[in-house]
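Asks: sequence unknown, structure follows:
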């Protein structure tokens with residue numbers, strides 16, 4: 001089945017692709033949900049636990065920190081960026 005695309009829409013898509021290089025790609029199994037983030041952090045020596053709507057992060061040194069989910073994702077994006085991986089939030093990406 002062939003789908004007709006409005007020329008104006010086609011031009012917008014082509015413009016975005018040329019400016020941004022296409023959509024970001026994540027390896028299979030990569031997830032920004034709690035369990036995916038928890039696994040990612042555990043692989044790097046952190047322990048993430050959830051208590052109500054707050055998250056506790058420990059690296060085995062000092063007292064655990066209580067963070068919001070936004071803070072957790074910001075930390076994960078910082079780590080992912082340092083490893084050359086695509087970030088979850090676009091504003092932290094190297095694009």
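Replies: Here it is on my side, so go on. All figures in this text were calculated on a predicted structure; none of them were measured in a lab. Numbers count the residues shown, from 1 in each chain.

Asks: how close does the residue lying closest to residue 90 once chain neighbours are set aside get to residue 67?
Replies: Excluding the flanking residues, the one nearest residue 90 by CB to CB, 6 or more residues apart in numbering is residue 24, at 7.7 Å. All C-beta atoms are positioned from the backbone trio N, CA, C, and that covers glycine. Using CB to CB, to the nearest Å, residue 24 is found at 24 Å from residue 67.

Asks: the residue nearest to residue 90 belongs to a strand?
Replies: No. With DSSP: H, G, I helix; E, B strand; the rest coil as the criterion, residue 24 is located in coil rather than a strand.

Asks: count of residues packed around it?
Replies: 12 (other CB atoms under 10 Å).

Asks: try residue 72
Replies: Counted with other CB under 10 Å, residue 72 comes out at 23.

Asks: mind checking what secondary structure it has?
Replies: Residue 72 - assigned by three-state DSSP - is helix.

Asks: which residues are in contact with the closest residue to it other than its chain neighbours?
Replies: The shortest distance from residue 72 to any non-neighbouring residue, by CB to CB, 6+ apart, is to residue 55 (5.2 Å). Applying CB atoms under 8 Å, 6 or more residues apart in numbering to residue 55 gives the contacts 48, 49, 66, 67, 68, 69, 71, 72.
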